[in-house]
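Q: Here is a sequence with its predicted model. Questions after.
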Amino acid sequence: MIKYKSFLIKYAEIGVKGKNKYIFEDALVRQIRLALNRIDGEYNVHKEEGRIYVDTLSDYDYEEVIKALQCVFGIVGICPLVQIEDNGFEDLCEKVISYIDEVYENKNITFKVNARRARKNYPLESMEINRKVGEIILDKFPEMRVDVHNPMLMLNIEIRKHINIYSETLKGPGGMPIGTAGKAMLLLSGGIDSPVAGYMISKRGVELEATYFHTPPYTSERAKQKVMDLAKKVAVYSGPIRLNIVDFTDIQMYIYEKCPHDELTIIMKRVMFKIAEHLAKESGALGLVTGESIGQVSSQTLQSLGVINEVCTIPVFRPVIAFDKQDIVDIAIKIDTYETSILPYEDCCTTFVAKHPVTKPNINVIKKSEEKLDEKIDELVKTAIDTVKAVTIEA
Ligand code: ATP
Ligand code: MG
């Protein structure tokens, strides 16, 4: 197999940002560097004439590079590239022939030459290049046939400062580069949904911080480790995640002691959201992110979501709100969080859940119940916030 020295990185949406384009390109370059830092080899990621290139400076593993790049939001296509100097048209044709010979063992294929002359002082026009290179290919490889509508091999030749030859485009993840859309606070539990929600929001360029509510001894060290493992998997895409671990036991016990048990989940969630919002504001996160999906459980009816949401002054983003469970599971499998999420460690919500939780809570009723917490809740919340343990989790 041909050992490519470079890859051309294609990006779509970020190409249309006008004067801010460089911000997006620079963020993309930064994220590509971070992703390649995690694998073996030395790489030079650079911008040239409005395009982004990855040059390999050492030996590298092709599959590993592609896999790393496929986790970088903002990339729509990865083109393994042969880049040559302009040593005249004849030299170009020779290079094209050896490229095809190396990359396409089976020559019984259709092709089209797609030349683009970005540098206008090149002596041949694009159409002439198409025609002449096409003729030489047909001459050299008689089994190959031209198909201008639906070719099996689209041979791209870009005449720029250098000349780019490529024919393959591997799919990137799309989205926007991390760091171009601010930061949000993910409420990360050990379940299937919240890691997927985190992945989805970070796909839009949003940096993630996360908060996990831990309830020892009702939830074990293993349950906490599971959340950290999930954060590590999401961080493959989102970049490093600062994870705040909140000790929620005293608050949970206090609510359990004072409030009607069928309202427990709702009241608990309201306190969780309040604490998460506090932490979000402290660190400049502009919204909360949850894995809630309408109707999945009693606390995810529209009424419940509304009552929970009522404590927040910053927006709460729910990327999987209208997703069926299976659709969420499919993404969890794709981003490799599923196997970790289904490990059977207890979750604070299941430990204390009532047999018949309210499904249509009324905000006034809930507020009335919360009055029973007046004596100690502020102090407990303050302690929970003061004793937060933060760890930064990298992929
Ligand atoms: P998940 O699969 O993400 O655990 P779920 O379907 O189990 O979600 P709930 O337990 O009702 O749903 O939680 C709804 C959302 O609330 C979660 O997606 C998560 O964002 C947040 N959440 C729940 N429990 C915790 C927790 N212990 N720590 C942090 N966030 C939590
Ligand atoms: Mg859960």
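A: Structure received. Residues are numbered from 1 along each chain as shown. Ligands and ions are numbered 1, 2, ... in the order given.
Q: Residues of the stretch 51-200 of the chain that sit close to ligand 2?
A: Neighbours of ligand 2 within the stretch 51-200 of the chain, by Cβ under 5 Å from the ion: 189, 191. C-betas here are computed from N, CA, C, even on glycine.
Q: What are the boundaries of the strands in the stretch 201-350 of the chain?
A: With strands called from DSSP state E, counting those that start in this stretch, the stretch 201-350 of the chain shows them at 207-214, 241-247, 288-289, 316-317.
Q: Ligand 1 is nearest to which of the ones you listed?
A: Nearest of those to ligand 1, taken as Cβ to the nearest ligand atom: strand 207-214 at 3.8 Å.
Q: Give me the buried positions along the closest one.
A: For strand 207-214, a neighbour-count test (16 or more other Cβ atoms under 10 Å) marks 207, 208, 209, 210, 211, 212, 213, 214 as buried.
Q: same thing with stretch 179-186?
A: 179, 180, 181, 183, 184, 185, 186.
Q: want to throw the residues you listed into a markdown table with secondary structure and pLDDT?
A: Below are the buried residues of stretch 179-186 laid out as a markdown table (DSSP: H, G, I helix; E, B strand; the rest coil; pLDDT from 0 to 100):
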| residue | secondary structure | pLDDT |
| --- | --- | --- |
| 179 | coil | 91 |
| 180 | coil | 91 |
| 181 | coil | 92 |
| 183 | strand | 98 |
| 184 | strand | 98 |
| 185 | strand | 98 |
| 186 | strand | 98 |
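Q: and which of those residues is nearest to ligand 2?
A: residue 186 (13.1 Å; Cβ to the ion).
Q: burial count for residue 5?
A: Neighbour count for residue 5, taken as other Cβ atoms under 10 Å: 14.
Q: Show the backbone phi and psi for the residue nearest to residue 5 when sequence neighbours are not counted.
A: Leaving out its chain neighbours, the residue that sits closest to residue 5 by Cβ to Cβ, 6 or more residues apart in numbering is residue 56, at 5.7 Å. Residue 56 has phi and psi values of phi -90, psi 130 when expressed as degrees, to the nearest 10.
Q: same check, this time on residue 111
A: Phi and psi for residue 111, reported as degrees, to the nearest 10, are phi -150, psi 170.
Q: gap between it and residue 290?
A: Distance of residue 111 to residue 290, given as Cβ to Cβ, to the nearest Å: 50 Å.
Q: what about the two, which has more around it?
A: Comparing residue 111 with residue 290 by other Cβ under 10 Å, the one with more neighbours is residue 290, at 28 against 23.
Q: mind listing what the spatially closest residue to residue 216 that is not a sequence neighbour touches?
A: Distances taken as Cβ to Cβ, 6+ apart place residue 249 nearest to residue 216, at 5.9 Å, with adjacent residues excluded. With contacts taken as Cβ atoms under 8 Å, 6 or more residues apart in numbering, residue 249 has the following neighbours: 214, 215, 216, 217, 218.
Q: Spell out which two among these are the most distant pair, please.
A: Put simply, by Cβ to Cβ the two of the contacts of residue 249 set farthest apart are 214 and 217, 10.3 Å from each other.
Q: pLDDT wise, what is the residue nearest to residue 216 at?
A: Per-residue confidence (pLDDT) for residue 249: 96.
Q: measure the residue of the chain most remote from its centre to ligand 2 for me?
A: Within the chain, residue 139 marks the point farthest from the mean C-alpha position, 45.9 Å out by Cα atoms, centre = their mean. Computed as Cβ to the ion, to the nearest Å, the residue 139 to ligand 2 distance reads 64 Å.
Q: just residue 200 next, same as before
A: Taken as Cβ to the ion, the span from residue 200 to ligand 2 is 17 Å.
Q: got a list of what the residue of the stretch 201-350 of the chain found nearest ligand 1 touches?
A: Closest residue of the stretch 201-350 of the chain to ligand 1, Cβ to the nearest ligand atom: residue 291 (2.6 Å). Contacts here follow Cβ under 8 Å, 6+ apart; on that basis residue 291 touches 187, 189, 191, 192, 193, 194, 195, 196, 197, 318, 320, 328.
Q: cool, and residue 48?
A: Counted by Cβ under 8 Å, 6+ apart, residue 48 has contacts 160, 161.
Q: Report the beta-bridge partners for it.
A: Here residue 48 sits in beta bridges with residue 51, going by DSSP bridges.
Q: one step back: would you mind putting the strands of the stretch 201-350 of the chain into JSON lines with distance to ligand 1 alongside?
A: Listed next are the strands of the stretch 201-350 of the chain as JSON lines, based on distance: least, Cβ to the nearest ligand atom, whole Å:
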{"stretch": "strand 207-214", "distance to ligand 1": "4"}
{"stretch": "strand 241-247", "distance to ligand 1": "8"}
{"stretch": "strand 288-289", "distance to ligand 1": "7"}
{"stretch": "strand 316-317", "distance to ligand 1": "10"}
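Q: could I get those strands as JSON lines with distance to residue 173?
A: Shown next, in JSON lines, are those (distance: least, Cβ to Cβ, whole Å):
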{"stretch": "strand 207-214", "distance to residue 173": "16"}
{"stretch": "strand 241-247", "distance to residue 173": "18"}
{"stretch": "strand 288-289", "distance to residue 173": "18"}
{"stretch": "strand 316-317", "distance to residue 173": "19"}
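Q: Once you drop chain neighbours, what's closest to residue 200?
A: Residue 200 sits nearest to residue 319 (Cβ to Cβ, 6+ apart), 3.8 Å away.
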